[in-house]
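**Q** the following comprises the amino acid sequence and a computationally predicted model.
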Amino acid sequence: MNGERDLRIVRRTTAAQGVVLLDLERPDGDGLPMWTPGAHVDVLLPDGLGERQYSLCGDPAERVRWRIGVLREAAGRGGSAWLHDRSEGDVLRVRGPRNHFAFQPRPGREYLFVAGGIGITPISAMVQAADRAGVAWRLVYAGRSRGTMALLDELVGRHGDRVQVFAGDEGRRADVQALLDAAPDAVVYCCGPSRLIEAVQQAGAGRGSGHLHLERFEARQLEAPVWTEPFEVELLLSGTTVTVPPDRSILEVVEEQGVLALASCRVGTCGTCETPIVDGVIDHRDSVLSPEEQDDDFAMMICVSRAACPRIVLEL
């Protein structure tokens, strides 16, 4: 579900240095849409700050309350600082939930969760689901220091040595290759900074299809596009065709034509602008879809992905 709603902050908790947990409920006390581990919501910010995406990190079984964790970004654009200044009783405009990092534990499977910094937020809900399902799992949690690692005490207190902690200021750094080699049959879920994501992707490159799942908070670096010339995009539902030049995105061009296209991050990390593909070859440049999903050419993120041919058709 992607509907917008007003939610009140009913609890604000300092979870770690620079991290707050915000518990959100509807002002009328009614229930909230169901969500699954890995889901995120968009928080719509005021004063031209745009939108930000935050993973849900509470209990998926909780039907009246959502929880998000917010890291204050010192070098950010002001959104996280604004949220850190909110108090209990304040109301936020929220859209979602949406899930491009879905986790569903399967009997007989083994799972390795790898989290770095604020990447623990979606992973914590996955750990809870895996534990409830009774499947084999282990969590690797890395951070600058224990004081900056949100939810650490709760996770260690509940799960003990199933949680491996690598705090940089203690001289403990995770050997990602060794950790993945020690669990060759495990399905890996990883969320965190780009350096950690890249290390896990490299270490897990030989795993079978569906055995490596990554969520990026930062857009991956893009290479030159496959198709460097202008291309046409037929908008099937709008009944029009637009030409996209090399220096503009599909999203920018269709917005200019007055076509309604939901969008948020505009750098290929949130999945808001996902658009079904009707025909054509796509140069997928997002950080959301898995390699298997990109190969399927079912949908594309029109904020960054492009045509790899002279003409494509989209359900837009």
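**A** All right, it came through fine. Numbers count the residues shown, from 1 in each chain.
**Q** what about Ala178, which helix or strand?
**A** In the assignment (DSSP states H and E), Ala178 maps to helix 176-181.
**Q** neighbouring contacts of that helix?
**A** 112, 114, 140, 164, 186, 188, 196, 199-200, 202-204 (C-beta atoms under 8 Å, 6 or more residues apart in numbering). C-beta here means a position set from N, CA and C on the backbone, and glycine is covered the same way.
**Q** same check on stretch 86-98?
**A** So stretch 86-98 is in contact with 1-12, 22, 24, 27, 33, 35, 39-44, 51, 56, 66, 83, 270-272, going by C-beta under 8 Å, 6+ apart.
**Q** ok now it, how far from the chain's centre?
**A** 18 Å (C-alpha atoms, centre = their mean, to the nearest Å).
**Q** got it, and stretch 218-230?
**A** On C-alpha atoms, centre = their mean, the centre of stretch 218-230 falls 21 Å from the chain's centre.
**Q** cool, stretch 126-135 as well?
**A** Using C-alpha atoms, centre = their mean, the offset of stretch 126-135 from its chain centre is 20 Å.
**Q** tell me which entries of the contacts of stretch 86-98 lie within helices.
**A** Taking DSSP state H as the definition of helices, the contacts of stretch 86-98 contribute Leu83.
**Q** could I have the buried ones of the contacts of stretch 86-98 as ChimeraX selection syntax?
**A** To isolate the buried subset of those in ChimeraX, counting by 16 or more other C-beta atoms under 10 Å, use the following:
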select :5,7,8,9,12,22,24,35,39,40,41,42,43,44,51,56,66,83,270,271,272
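**Q** who does the top strand by length along the chain pair up with?
**A** Ranked by residue count and defined by DSSP state E, the top strand of the chain is strand 4-16. The pairing partners recorded for strand 4-16 under DSSP bridges are strand 19-25 (antiparallel), strand 91-98 (antiparallel).
**Q** mind putting the ones you listed into JSON lines with distance to Pro107 and mean pLDDT?
**A** Below are the strands paired with strand 4-16 laid out as JSON lines (distance: least, C-beta to C-beta, whole Å; pLDDT from 0 to 100):
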{"stretch": "strand 19-25", "distance to Pro107": "31", "mean pLDDT": "97"}
{"stretch": "strand 91-98", "distance to Pro107": "26", "mean pLDDT": "94"}
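**Q** make CSV out of these and add distance to Gln177.
**A** Shown next, in CSV, are the strands paired with strand 4-16 (distance: least, C-beta to C-beta, whole Å):
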stretch, distance to Gln177
strand 19-25, 28
strand 91-98, 32
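**Q** quick one: the helices in the stretch 201-316 of the chain, in order.
**A** Per DSSP state H, counting those that start in this stretch, the stretch 201-316 of the chain carries helices over the ranges 250-256, 291-296.
**Q** show the pLDDT at the residue nearest to the spatial centre of the chain.
**A** By C-alpha atoms, centre = their mean, the chain has its centre lying nearest to Glu215, at 5.1 Å. Glu215 is assigned a pLDDT of 91 by the prediction.
**Q** what sits against it?
**A** 38, 55, 100-101, 119, 122, 190-191.
**Q** I figured Leu32 was touching Ala39, is that so?
**A** No. Using C-beta atoms under 8 Å, Leu32 is not in contact with Ala39, being 11.5 Å away.
**Q** what's the helix or strand bottoming out on mean pLDDT in the chain packed up against?
**A** One helix or strand of the chain scores below all others by mean pLDDT, DSSP states H and E: helix 291-296, with a mean of 86. Contact partners of helix 291-296 among helices and strands, from 3 or more C-beta pairs under 8 Å, 6 or more residues apart in numbering; DSSP states H and E: none.
**Q** buried residues, that helix. List them.
**A** Gln294.
**Q** give me the contacts around it.
**A** Outside helix 291-296, the residues touching it (C-beta under 8 Å, 6+ apart) are 209-210, 282, 284, 299.
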